[in-house]
Structure formats: structure tokens, C-alpha cells
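>>> Any chance you can model this:
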Amino acid sequence: MSVAILRQGEVLIASIQSDLTDGEVVALREELVERVGRDRARGIVIDVTAMDVIDSFVARSLRTIAVTAALRGARTVVVGIQPEVAIAMVHFRLNLEPLYAALDLDEALALLARAEREEGRG
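From the prediction side, this is the model:
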């Protein structure tokens with residue numbers, strides 16, 4: 001799979017290196033959800049900068065990651081959505097709720113830290 005998953009404190013960072021097959025998307029989903037519990041992660045950041053296309057299957061999978069992670073106590077933030085990809089996603093009305101979105105990793109980590117403080121965890 002062309003996805004590196006790193007841990008930074010209580011955050012898992014998944015950096016997608018290229019477009020993924022449906023099987024790779026499923027494997028990523030399963031790995032992230034499993035690692036939330038194993039690593040006691042409070043947040044997931046998924047970097048999609050390298051993805052030229054986010055189709056309905058990928059969008060549903062990202063949404064599933066976010067919902068499942070939330071049930072396990074972690075927030076999910078997607079970063080690096082290319083402008084053309086964002087326009088296509090809006091055009092096709094792809095729903096990513098409850099995912100958060102940020103421009104880059106720094107903004108994503110700040111968003112997760114702010115959410116932790118607001119909940120009184122951090």
C-alpha cells in the first residue's frame with residue numbers, strides 16, 4: 001500500500017503517496033481504525049495531496065473512517081485536497097461529514113489541539 005502511517009503524540013498521520021485502488025482504500029480504512037485503539041490515538045490526519053481524484057467510494061471510505069474513529073474517541077482531519085478535486089467533490093455532492101478539513105498538516109494539528117482544549121482533555 002502506498003500510504004505511510006506515522007504517529008506523532010496522540011495523532012496518527014496517514015500520508016497517501018499516490019492514487020489508491022479500492023482494495024488499498026479498504027486496507028487503509030481497516031489499518032487506521034485498528035491503530036486508533038492500539039495507539040490510543042485522539043486524532044487522525046489523512047493527507048490526500050497526491051490524490052488527483054476522490055471518487056464516491058473514496059469519499060464514503062473517508063467518511064467511514066471519521067465516523068468509526070469518532071466512535072473510538074478520535075477526530076479525523078483531511079488535508080491537501082487539491083482545488084480541482086474540491087470543485088469536483090462539490091459538483092458531485094460528495095458528503096464528507098463528520099470529517100474536518102484543513103489546508104495542511106500544521107493547520108490540522110492546530111485544529112485537533114483546539115478541539116481537545118475545548119473538550120477539556122488537553
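
>>> okay, CA-based contacts and neighbour counts for the rest of this
Noted.

>>> Work out for me the element the residue nearest the centre of the chain sits within.
In the chain, the residue lying closest to the centroid (CA atoms, centre = their mean) is Ile46, at 3.4 Å. Ile46 is located in strand 43-47, with elements delineated by DSSP states H and E.

>>> what angle sits between the helix or strand following that strand and strand 43-47?
Heading C-terminal from strand 43-47, the first helix or strand you meet, by DSSP H and E, is helix 56-71. In terms of direction (axes from the mean of the first three to the mean of the last three CA atoms, to 10 degrees), helix 56-71 departs from strand 43-47 by 160 degrees.

>>> Can you name every helix or strand that helix 56-71 contacts?
helix 22-38, strand 75-79 (3 or more CA pairs under 8 Å, 6 or more residues apart in numbering; DSSP states H and E).

>>> run the last query once more with 6 Å
Helices and strands touching helix 56-71, by 3 or more CA pairs under 6 Å, 6 or more residues apart in numbering; DSSP states H and E: there are none.

>>> Give me the buried positions along it.
For helix 56-71, a neighbour-count test (16 or more other CA atoms under 10 Å) marks 58-70 as buried.

>>> picking up where we left off before, now the residue nearest to the centre of the chain: how far from Ala59?
For Ile46, the distance to Ala59 equals 12 Å [CA to CA, to the nearest Å].

>>> Please look at Leu12 and Asp47 and confirm they touch.
No. With contact defined as CA atoms under 6 Å, Leu12 does not reach Asp47; the gap is 10.9 Å.
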